[in-house]
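1. I'd like to go over a predicted model; first the sequence, then the structure.
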Amino acid sequence: MKKENIIRIGSYLLVAVLAAFLTMAVSQSMTETTKLQELQALIEEKFIGEADSTELEDAAAEAMISATGDRWSYYISADEYQSYQEQMANAYVGVGITIQEAEEQQGFVVLSVTPGSSAEEAGIRVQDLLIAVDDQDVRGMPMEEVRSLVRGEVGSYVSMTFLRQGETTTISVERRQVQTQVASYEMLPDHIGLVTIFNFDSRCAEETIAAVEALLEDGARKLIFDVRNNPGGYAEELVKVLDYLLPQGEVFRTVTYDGKEDVDYSDEACVELPMAVLVNGSSYSAAEFFAAAMQEYEAAIVVGTQTSGKGYFQNTYRLNDGSAVALSVGKYYTPKGKNLEGVGITPSVEVTVDEETEASIYYGLLTPEEDPQIQAAVEALKE
């Protein structure tokens, strides 16, 4: 046999051996289980107690997100996903009341009744004390469980029992689609308009701009925007509000994990009035960015306390079992190119409040005249 043929045959054999080896390696890697799969199988086979596989997977997923060290990424279980969607849409199926746990767990106080809601039509009043839902005593029950009992299918009815001035009353209320208010407004003395923005989720820009337009029509000469306790929301809603308020220029810049950069601009049209923005330690994400942009354009005085310092944005990814993860995928920057992560916004006028006052502000229990931070903003605008 010629030398060339021997070499050629040897090469073919070598290729065949390598191919077989690689096939075996790939096959082995495909059959190997991950650590999590191995652990779950071990628990299911040998654990003496009972363990729910869904709860195990939820706990593992939550732990994996937590292990990234990112305080802004979070896991959403399949059971929680609908509530998450409702929150982002500023809409839910319910009766239209806001409740708060009463002292000593004696029930849940009605803080507000949505105008035009089925609760208002049925005669539920602010300060009513909810003690039972569909004959189930809710005293001492976690808030989320009570909400789950009240909510249900559109068009169905729920029986709610209240204590009112010492007397018990049971009311049947229809469950309907309820849109939560995103922005409210009122006119303060001296023609100062106050706009409270509760979040930057769906309909934020529409309701905020409508609030400003209504105040301007009523003769507002100065504006205060309250984004205290505002958790943030969608970037597109934020950009629309900033575009309406600010003059021409860059308002929002993002850089994603893969280096992709995106910039949003405002046009020439703007609101040319003295303005102030109220912030606190619970002003997050789009809320503190709103304050930062207004501050950097010198369009508003920022009043209150240091904000949280959130400089990452998240995308939400749905998983196969119906759960989801909101994962930080990029950074956003102020018009002057600052990233707020771990820094936040320092108010031009710092006004601290005690814990009791802070709680009253959170629950909307103070009038503007009783709110020291609103009054500080009023004084700052007068100056």
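-> On my side now, so go ahead. Numbers count the residues shown, from 1 in each chain.

2. For the most centrally placed residue in the chain, which non-adjacent residue is spatially closest?
-> The centroid of the chain falls nearest to Pro231 when counting by CA atoms, centre = their mean (5.1 Å). Distances taken as CB to CB, 6 or more residues apart in numbering place Tyr284 nearest to Pro231, at 5.0 Å, with adjacent residues excluded. Placement of C-beta: from N, CA and C, glycine included.

3. Then Pro274?
-> Closest to Pro274 by CB to CB, 6+ apart is Lys222, at 4.6 Å.

4. Show me where the chain dips below the pLDDT cut-off.
-> The model of the chain has pLDDT under 70 over residues 1-31.

5. on that earlier part again, show the contacting residues for the residue nearest to the centre of the chain.
-> Counting by CB atoms under 8 Å, 6 or more residues apart in numbering, Pro231 makes contact with Asn199, Ser282, Tyr284, Ser285, Ala287.

6. what does Ile301 give?
-> With contact taken as CB under 8 Å, 6+ apart, Ile301 is in contact with Met275, Ala276, Val277, Ser348, Val349, Ala377, Ala380, Leu381.

7. So the chain: which segments form each domain?
-> Following automatic domain parsing, one gets these domains for the chain: 91-179, 183-382.

8. Of those, which stretch is the most buried?
-> Counting by mean count of other CB atoms under 10 Å, domain 183-382 has the highest mean neighbour count of those, with a mean of 19.

9. for this protein, what spans make up the helices?
-> Here the chain has its helices, by DSSP state H, at 3-31, 35-46, 53-67, 78-89, 118-122, 143-150, 204-217, 235-245, 286-296, 355-362, 372-382.

10. between the ones you listed, which one is nearest to Thr305?
-> Comparing the helices of the chain against Thr305 with CB to CB, the closest turns out to be helix 372-382 (8.3 Å).

11. tilt between the closest one and helix 355-362?
-> On the basis of axes from the mean of the first three to the mean of the last three CA atoms, to 10 degrees, helix 372-382 is oriented at 70 degrees to helix 355-362.

12. what's next to helix 372-382, contact-wise?
-> 188, 190, 192, 194, 222, 224, 226, 228, 274-276, 278, 280, 301, 303-304, 348-349, 351, 353, 357, 361, 368-369.

13. Among these, which are located in strands?
-> Using DSSP state E, the subset of the contacts of helix 372-382 located in strands is 188, 192, 194, 222, 224, 226, 275-276, 278, 301, 303-304, 349.

14. any idea how far Ala122 is from Ile301?
-> Distance of Ile301 to Ala122, given as CB to CB, to the nearest Å: 44 Å.

15. ok now do the residue nearest to Pro274, which residues does it touch?
-> Applying CB under 8 Å, 6+ apart, the residues near Lys222 are Asp190, His191, Ile192, Gly193, Leu273, Pro274, Met275, Ala276, Leu381.

16. One more: Asp267?
-> Asp243, Gln248.

17. So that it lines up with my notes, have the first residue be 47 from now on.
-> Sure, I'll start numbering at 47, so the last one becomes Asp313.

18. Max pairwise distance over the contacts of Ile347: which two?
-> Using CB to CB, the contacts of Ile347 span at most 13.2 Å, a distance reached by Met321 and Val395.

19. I figured Thr214 hits Phe208, correct?
-> Yes: counting by CB atoms under 8 Å, Phe208 is a contact partner of Thr214 at 7.3 Å.

20. Pull up the overlap in contacts between those two.
-> Common neighbours of Thr214 and Phe208, counting by CB under 8 Å, 6+ apart, are Ile177.

21. just to revisit the earlier point, Arg197: which of the contacts of Pro277 is nearest?
-> Nearest member of the contacts of Pro277 to Arg197, counting by CB to CB, is Asn245, at 19.3 Å.

22. Tell me which strands the longest strand seen in the chain pairs with, and in which orientation.
-> Of all segments of type strand in the chain, defined using DSSP E, the longest is strand 370-379. Sheet pairing of strand 370-379 (DSSP bridges) gives strand 120-122 (antiparallel), strand 295-302 (antiparallel), strand 358-364 (antiparallel).
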